[in-house]
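Participant: Can you look at this prediction? I've put the sequence above it.
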Amino acid sequence: MKILRIIAALLAFTSASHADDPESEVAKSSGPPGGEQFVSLIEHILVPADQLDTWMKKNPLSEDASSLRKQARVWIKEKTARLDHTALSTGIAGREFSNSSIWEQIYATEYIPPKPGEWPIPTAFQSRNLGYSQNGGAEVEDGKMILRSKMDWYEMILPQQAWDPLTERTRQPDDVFLPRFRGSRYARPVVDAAGNPLSSEKKFPIGADQLRFAPGKTYLVSREANDHTEPPPGEPHHLVRLIFFQGNILRRTEPSEDDSVAINHLSIKIIRLPHSVFSAWIQENDLFRIPDLAWAAAMGWQNQGTTETIGSLTTATHSGSKGIAGAVDEVSYPTEWEPGRLTPATGGKPAQLEFSEPTAFDTRNVGTSTEVEILPDAGGAIVQFEIKRVTESGKSVHQRIFRDGQWKTDMTMPIFATNHWSSQLRVKRGEWLLVGSGAATDGKGRLDPQHSVLAFIKLD
């Protein structure tokens, strides 16, 4: 493994290193002048279907779902419901943002038929992004300020079924074969003048396919069956997924002196904390104040020993120039394998397979990185940022061999996880500002619903 440390650099805004990444373009277009700041919040909560049905019979759902969200909090405290994901995002009207927590799951697509007493040998692989993503913004539409959002989530259903009988008998629960994926996307259809749907995002303006929400209300975006989800230990409830959205828009304050032409130092911190602590704190505070209040709350949680700093960077930049900083490990991993040979029986030991040998490799940068630019604006300096945190969150097993009386791990693939935030914000110099939250992983390549990840920035 090579270790690379990227030193903060001052660059003109000409980098095209992410030209093929649509997420990286979200916050890069200059667009119209930035307007009011906004906060949006998406929550996935798994709740008992029977309790939900009973409650809704007595409390018909209205446009504002705040009463249902409050009841979900009661079920969470009673431990019959559980938090799954909380994504808080920030931005300014007229500019786009994105927020994603993604796991890259590799799986086999082709196999060599097995010999007697062996598993099939995978010979080709593909990768699928799992997790949660959201993009959106805020703007004036039909004379009213609205929030926009398009969101999706995807997961791999475990355990999987192996098609080979021997493999099915000797597998472990997390082994990956031909997987089943499940997920949903929430957007609105876009049609042309004749009413025909437009399927390519290149054919319509940014945001045209995003759902519309009024500020200050809580919306139930979806209720979904979740048949495969295991309930908490000893809890017989069947759980369904509720997805809530709420957002608010902050009135613009009086313009401050724009000193963005001076040397700026922008710092980033990423922390990990209990999901339940963060979610409860959100419910106890006004949503539009959360970005400003979160740092003080985080320091209190740190004093209690409940938080962990998992990323920290500082970069310097002039107004109109981009600053780049990163602390990155170059991780090499195998992409192709040569099956192990059969060792003849010797010395009273039976014949057995050798482990497979990797024959081709690829490299992935793992760590925390950021690209920032300070933009002058009549309302005060605006920070345009993109923050990425990539981790090798676990390994997936695709092949086992029988050696020394046990079915041992043979072929594995890494599972990379990425937290990504990009947006534009007005900031107060010298003060930490929460720019987004995302999902954590458990070290086994899976979502860790017990924890959340928060990203902060500070301009000095």
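Facilitator: Thanks, I have it.

Participant: now the stretch 1-150 of the chain, which segments are flagged as low pLDDT?
Facilitator: 1-34 (pLDDT under 70).

Participant: hey, where'd the helices end up in it?
Facilitator: Assigned by DSSP state H, counting those that start in this stretch, the stretch 1-150 of the chain shows helices spanning 22-25, 49-58, 66-77.

Participant: how much distance is there from the last one to the middle of the chain?
Facilitator: Translated: helix 66-77. 24 Å (CA atoms, centre = their mean, to the nearest Å).

Participant: That helix vs helix 49-58, what angle?
Facilitator: Helix 66-77 runs at 150 degrees relative to helix 49-58, counting by axes from the mean of the first three to the mean of the last three CA atoms, to 10 degrees.

Participant: Tell me the buried residues in helix 66-77?
Facilitator: Within helix 66-77, the residues scored as buried using 16 or more other CB atoms under 10 Å are L68, R69, Q71, A72, R73, W75, I76. In this view, the C-beta of every residue, glycine as well, is placed from N, C-alpha and C.

Participant: any chance of those residues in JSON lines, with distance to T317 too?
Facilitator: As requested, the buried residues of helix 66-77 are exported to JSON lines (distance: CB to CB, whole Å):
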{"residue": "L68", "distance to T317": "44"}
{"residue": "R69", "distance to T317": "40"}
{"residue": "Q71", "distance to T317": "47"}
{"residue": "A72", "distance to T317": "42"}
{"residue": "R73", "distance to T317": "41"}
{"residue": "W75", "distance to T317": "46"}
{"residue": "I76", "distance to T317": "42"}
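
Participant: ok, the residues you listed vs E371, which is closest?
Facilitator: Nearest to E371 out of these is R69 (CB to CB; 35.1 Å).

Participant: isn't the closest one right next to T218, touching?
Facilitator: Yes: because the distance of 5.2 Å satisfies CB atoms under 8 Å, R69 is recorded as touching T218.

Participant: For those two, list the residues in contact with both.
Facilitator: Residues touching both R69 and T218 (CB atoms under 8 Å, 6 or more residues apart in numbering): F244, Q246.

Participant: which one of the helices of the stretch 1-150 of the chain lies closest to E392?
Facilitator: helix 22-25 (20.4 Å).

Participant: Run the chain-centre distance for stretch 345-363.
Facilitator: Distance, centroid of stretch 345-363 to centroid of chain: 37 Å (CA atoms, centre = their mean).

Participant: And the contacts of it?
Facilitator: Residues from elsewhere that reach stretch 345-363 (CB under 8 Å, 6+ apart): 118, 330-344, 399, 401-404, 408, 410-411.

Participant: Now that stretch: buried residues?
Facilitator: Q352, L353, S356.

Participant: same check, this time on stretch 303-321
Facilitator: Neighbour-count burial for stretch 303-321 flags T307, I310, G311, L313, T315, A316, T317, H318, S319, S321 (criterion: 16+ other CB under 10 Å).

Participant: Could you do stretch 326-335 as well?
Facilitator: G326, V328, D329, V331, Y333, P334.

Participant: quick one, what contacts the fourth one?
Facilitator: Contact analysis of V331 by CB under 8 Å, 6+ apart lists M1, T363, R364, N365, V366, E392, P414.

Participant: for the chain, what's the longest helix?
Facilitator: Using DSSP state H to define each element, the chain has its longest helix at helix 290-303.

Participant: Pull out the buried residues from that helix.
Facilitator: I290, P291, A294, W295, A297, A298, W301.

Participant: helices and strands around it, which ones?
Facilitator: If you count contacts as 3 or more CB pairs under 8 Å, 6 or more residues apart in numbering; DSSP states H and E, helix 290-303 packs onto strand 264-274, helix 275-283, strand 433-441, strand 447-459.

Participant: and those, which is most packed in?
Facilitator: Of all the helices and strands packed on helix 290-303, strand 433-441 has the most neighbours on average by mean count of other CB atoms under 10 Å, namely a mean of 25.

Participant: pull the CA atoms of that strand into PDB?
Facilitator: Presented in PDB, the C-alpha positions along strand 433-441 are these (Å, rounded to 0.1, in the frame of the first residue of the first chain):
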ATOM      1  CA  LEU A 433     -20.800  25.600  10.300                       C
ATOM      2  CA  LEU A 434     -22.500  22.200   9.800                       C
ATOM      3  CA  VAL A 435     -22.700  21.700   6.000                       C
ATOM      4  CA  GLY A 436     -24.200  18.200   6.000                       C
ATOM      5  CA  SER A 437     -24.700  14.800   7.600                       C
ATOM      6  CA  GLY A 438     -24.500  11.300   6.200                       C
ATOM      7  CA  ALA A 439     -24.400   7.600   6.900                       C
ATOM      8  CA  ALA A 440     -21.600   5.700   8.700                       C
ATOM      9  CA  THR A 441     -20.400   2.100   8.000                       C
END
